[in-house]
Every structure is written in structure tokens, then in C-alpha cells.
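>>> Can you look at this prediction? I've put the sequence above it.
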Amino acid sequence: MGITSFYFLCFFAVIFILYYLIPGKLQWELLLVCSVLYYLSTGNAVLILYPVASVTACYAGIRLLAATPAEHVRRRRAALLLTILVNVGILVVLKYVNFGIYTIDGIARLFGSSRTLIESVDFLVPLGVSFYTFSLLGYVVDVYYGIAEPQRNYLKLMLYGLYFPTIISGPILKYREHGGQFFEPHPFDYRRVTRGLQRMAWGFFKKLVIAERLGVLVDTVYESYGDHPGAFIWIATACYAFQLYTDFSGCMDIVLGMSESFGIILPENFQTPFFAKSISEYWRRWHITLGVWMKEYVFYPLLRTKFFTGLNRSWRESFGKKKGKQYATFAAMFLLWLTVGIWHGGDWKFVIGSGLLHWFYIVAEELLEAPCTRLMEKCRINAKGSLVNAVRIGRTFFLVCIGDLFFRAASLSDAFAMLGQAVSVWNPSVLWDGSLLTLGLQWTELVILAVSLLILWAVSLSQRKGPLRDRIAVMPLPLRWAIWYALLFAVILFGCYGPGYSAGEFIYQGF
């Protein structure tokens, strides 16, 4: 039951009505029941045992930490490590066993082996396993360090882990910042509810009007890239960057809007990432909750380990205070980005496209920043001028697209083959000779897509000055409702849905 389906909208409507009819103290229980029902409806019902096992392990770890005095450091550390091992163990078995098997077999083939050394294992992977695992583990770590209160009610912890909107594609939550909202009574608030529904409509526009159309172009080229070399690959890759953004951020708009209509405010996951002037800035704007989680629970703890503190000290002596610290940070960042890549999926295309390639970008940016600044000063170029900023934005988008090519390609070998065909064939004429009409969309569909992307660009540009909904809210009533009705009818008239059509799952839903 995808969240853009008619059945899900009916499901949400029933929950919404019941939510505000029952007493406020029972609202969280309704959300828990509905979250369990939703999870049972998404596939094999037995898969709910996995998130239940994770919740149970985290609850036991939290209760043990709460009952263990702070001076018993070893016992507390053992409780934390055991909880982490159980949850990470489930994640590794479900998502990464075959990754290890394929890697071993691939290495064997490089050394001349003609047979498969280890057979792969087929697991049914539960929905949102990476998202709920990270939300739960972050909470356990916060309890260990004493920066979050331990939850004593098992069912409340289960709601936090299984909350049905976030189970799809996040965002990754912090209990200390967002957990308490789930259990508070929320009386009906017209302004809050309408703002939530407005945001949901914008999410449906991104997903059904833009992302689904872009997906047709992308699939046509990526599934037969041998017949679509050169400019076709660059066009499809740029389209995929926007497809991924409108798909994922559209999902977030639906999830955050739905939660807002319940009175629950969740963290933002996107902040106009395509206006970023560097890869570092891009990752502060893209999948924000994942970046924050990785920094707080992977990167900073890595830097505090004996190995990296010793490496920092040693390299300071060898390379100087500033460079030694920088190089040690780069080494820790390598492990951070390796983890980010692996989180995205058990395949080397993810490790490179969403991980190590971005590590290389960031390291190169930091090392080249000073000499590039000096060069611009020597050439009397304003480093903060609008032209330079535009070039930086374009460069960042291009580098992101290279990573997205790896992310979208069927395999790592296909990604390298596509890059080879993209740079070896020169055919810019496909932009104007009608070839774009052979990629699955008629000219009317291309016009709808182009206009929709212009609207997206205008809204994104406006949101740099603050939430657009706030400015629309103070407009005269006729204009205000004209805007929202126009958005609603755009989804109804131009959305990709209906008989014979099945909207694709959200791209990040599989994580």
C-alpha cells in the first residue's frame, strides 16, 4: 500500500477522523495500532517480527542502562554494545550478507576461478529497516550518555520505532527532540491541519507530476544505454538527479505534512540542495537527518577513539599542527563515507556513488580551496560574486550527477560502461532534432514536465527566504485558496496515476 495510492489516502482519512474523535490520551495508541496494521499490509506479515525484535532489543538495553548506576561503566558499556550488536547484526544479515558473498566471488573470478565459491542467500527484507534501526540505535546511545530520558513503556517505544509515515523513507528521528510529541494529546487545530494537508499536496505534485515522468526518460536510457550514448546519458543522468530529489523530497513532504496534521512536527530532510555551492554544503542540505546521524554516532566517536587520537598526534608531528589534524580528519571521513555508501545498499555501486566518490570530492574541495582562492585574487575575480557562485552551483550539480549515475546504474560495470559511452560520443544534436521524443514521453508530456520543473525551481528559489507557506498564508483569501486549488487540480489533472497505472515505489523505500 504505497502512500500515493488511493487505498493509503482512505487509510489516512479514517485515521485522521478517528484521531480527532477519540480522547487525546488515546491518540498515541491509535497511531500504534494503525502503524502495526500498515506494516502488516505492506507484504509478508511475518516481516513485522524484525522491527519488533529491534524494538525489544532496544527496550531491554534502555531498561538495563536505566537500572545500572553511572559508576558501573563496564556493565553499561556491555549493555550498549550488546544492543548495538543485535540491531546491527539484523541489519547486516538482511542487507549485506549477499554483498560480502558477491565481493568474495568477484575477487575469486579476478584470480581465474570459473565457479561460484559461495551461493547467495535470499532474504525478505522488512520495510524501512535502515531507518527504524538508526532511529532506535540513536536513542539507545543518547540514553547511554545521559542526554535522553529512558522510555519505560514498551508500547510507546514501539510507536516511536514503527510510526507508519516514517517507516517508508524516514526521516531518521532523534527521540530526545521528537519522541515526546507522539504521546502528547493533540487537539484539533485548523491552521496546523490545513498546513499539513497543503504540504502533502506539494509532495504529491513532486512525486506524481514530476518524478514519475522523469522516471520514464531515465528508465528508457538506463535500460538500453547502448542505444542511447553520449548526450542521451548526460540528459538522463541530470533527469535522474531531479527524479531522485522530487521522489525523495516529495515523500518527505507527504510524511511531514501528514504528521503535522496529527500535531507531530518532524525534522526537515531537505533544504534546496541543488543551490549548494560545494559537495559539503550539498550534504548539509540533502538527506539532512542521515548526515546528522552519521556525524553524531559515527564520525565524532571515530575521532575520539585511541587510534584516531594517536594518528592525529602522530601526523601533527610529521606534517605540522594544521595539516596533521586535517589529514587525520580525512582518514576518519573515509570510514564515514564508506559507511554512508554501505548504508545505501549492499552493492559496490552504492559504496562508490553514494560514499567514497563524495569523500574524494570533499577532500579535493578542501585541499584546493586555498590555492583556488589565491588564483582568483591574483586574477582579480570576486570569489563571492554571483557568476562565481553560479559556476560553483553548476560544478556541484555535475559532480552529484556523476555519483547519481553510479547509484542508478544496474551494476558497477554498467556505470563505468555508461561513463565511457557518455564521454566518447559527441551528439548534442539530440537536444533539438526530435530525439527526445523517442524516450517515452510525447511532446505534451515534455511540456508538462518542463513547466512543472520551472514551478519547482521558482518554489525552491522562494524557499531560500523562508517557508513559502508562511507567505501564502498572509495573502488575501481568494488568492490564497486559488494557489492551493491550482496545486490540487494540477495533481489531479497531470499526475501519473489511474487505471492501468501503478506509481513506482519511492526510491528510498527499499532502504
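That came in fine, so what should we check first? Numbering: from 1, shown residues only.
>>> Go through whichever helix or strand residue 415 is part of and flag the buried ones.
Using DSSP states H and E, residue 415 falls within helix 412-424. By neighbour count on 16 or more other Cβ atoms under 10 Å, the buried set for helix 412-424 is 412, 414, 415, 418, 419, 421, 422. Where you see a C-beta, it was placed from the backbone N, CA and C, and this is true even at glycine.
>>> distance of residue 337 from residue 279?
Distance of residue 337 to residue 279, given as Cβ to Cβ, to the nearest Å: 11 Å.
>>> joint contacts of the two?
358, 362 (Cβ atoms under 8 Å, 6 or more residues apart in numbering).
>>> show me where pLDDT drops low in this protein?
1, 114, 116-117, 497-511 (pLDDT under 70).
>>> please redo it, this time with the cut-off set to 50
Within the chain, the segments meeting pLDDT under 50 span 499-501.
>>> chain center to the top helix by length along it: distance?
In terms of residue count, the longest helix belonging to the chain (DSSP state H) is helix 231-261. Distance of helix 231-261 from its chain centroid, counting by Cα atoms, centre = their mean, to the nearest Å, is 10 Å.
>>> Kindly report the same for stretch 464-474.
Using Cα atoms, centre = their mean, the distance between the centre of stretch 464-474 and that of its chain works out at 24 Å.
>>> Tell me which residues of that stretch come out buried.
Neighbour count says stretch 464-474 has 468, 472 buried, by 16+ other Cβ under 10 Å.
>>> Let me see the residues that make contact with it.
195, 198, 199, 272, 275, 459, 462, 480, 483, 484.
>>> first to last residue in it, what's the distance?
18 Å (Cα to Cα, to the nearest Å).
>>> what's the answer for stretch 65-75, then?
8 Å.
>>> Return the residues in contact with residue 290.
Residue 290 neighbours (Cβ under 8 Å, 6+ apart): 134, 170, 172, 340, 343.
>>> Quick one: list the elements packing against the helix or strand hosting the fourth one.
Taking DSSP H and E as the criterion, residue 340 maps to helix 321-344. With contacts defined as 3 or more Cβ pairs under 8 Å, 6 or more residues apart in numbering; DSSP states H and E, the secondary structure elements packing on helix 321-344 are helix 288-294, helix 300-303, helix 306-319, helix 348-351, helix 357-378.
>>> Could you list the buried residues of the third one?
Pointing back at helix 306-319 there. 308, 311, 312, 315, 316.
>>> got it, and the longest one?
Of the residues in helix 357-378, those scored as buried under the neighbour-count criterion (16+ other Cβ under 10 Å) are 357, 358, 359, 361, 362, 363, 365.
>>> Show me which of those is closest to residue 127.
Checking the buried residues of helix 357-378 against residue 127 by Cβ to Cβ gives residue 358 as the nearest, at 26.4 Å.
>>> related to what we said a few turns ago, can I get the contacts of residue 290 in JSON lines with neighbour count and distance to residue 119?
Listed next are the contacts of residue 290 as JSON lines, based on neighbours: other Cβ atoms under 10 Å; distance: Cβ to Cβ, whole Å:
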{"residue": "134", "neighbour count": "21", "distance to residue 119": "30"}
{"residue": "170", "neighbour count": "27", "distance to residue 119": "33"}
{"residue": "172", "neighbour count": "23", "distance to residue 119": "34"}
{"residue": "340", "neighbour count": "23", "distance to residue 119": "29"}
{"residue": "343", "neighbour count": "23", "distance to residue 119": "25"}
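>>> farthest pair in those?
170 and 340 (14.1 Å).
>>> what residues does the next helix or strand after the helix holding residue 415 touch?
Downstream of helix 412-424, the first helix or strand assigned by DSSP H and E is helix 443-463. Helix 443-463 is touched from outside by 202, 205-206, 209-210, 213-214, 216, 242, 246, 272, 274-275, 436-437, 441, 468, 471, 490, 494, with contacts defined as Cβ under 8 Å, 6+ apart.
>>> How far off centre is helix 443-463?
Distance, centroid of helix 443-463 to centroid of chain: 22 Å (Cα atoms, centre = their mean).
>>> what's the angle from that helix to helix 231-261?
60 degrees (axes from the mean of the first three to the mean of the last three Cα atoms, to 10 degrees).
>>> List the buried residues for the longest helix of the chain?
Per 16+ other Cβ under 10 Å, helix 231-261 contains these buried residues: 231-261.
>>> Can you list the helices and strands that the helix or strand following that helix packs against?
Remark: after helix 231-261, the chain's next helix or strand is helix 279-285, criterion DSSP H and E. Using 3+ Cβ pairs under 8 Å, 6+ apart, the elements in contact with helix 279-285 are helix 357-378, helix 386-408.
>>> Out of those, the one nearest residue 24 is which?
Of the helices and strands packed on helix 279-285, nearest to residue 24 by Cβ to Cβ is helix 386-408, at 43.1 Å.
>>> how many neighbours does residue 408 have?
23 (other Cβ atoms under 10 Å).
>>> What of residue 214?
Neighbours around residue 214, by other Cβ under 10 Å: 24.
>>> That one contacts residue 238, correct?
No. Taking contacts as Cβ atoms under 8 Å, residue 214 lies outside contact range of residue 238: 9.6 Å.
>>> and the buried residues of helix 306-319, which two are the farthest apart?
308 and 316 (12.2 Å).
>>> now the helices and strands packed on helix 321-344 in CSV, with distance to residue 118?
Output for the helices and strands packed on helix 321-344, formatted as CSV (distance: least, Cβ to Cβ, whole Å):
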stretch, distance to residue 118
helix 288-294, 30
helix 300-303, 30
helix 306-319, 31
helix 348-351, 17
helix 357-378, 28
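>>> got a list of what residue 377 touches?
residue 383.
>>> Distance of it relative to residue 366?
Distance from residue 377 to residue 366, by Cβ to Cβ: 18 Å.
>>> Kindly report the same for residue 400.
17 Å.
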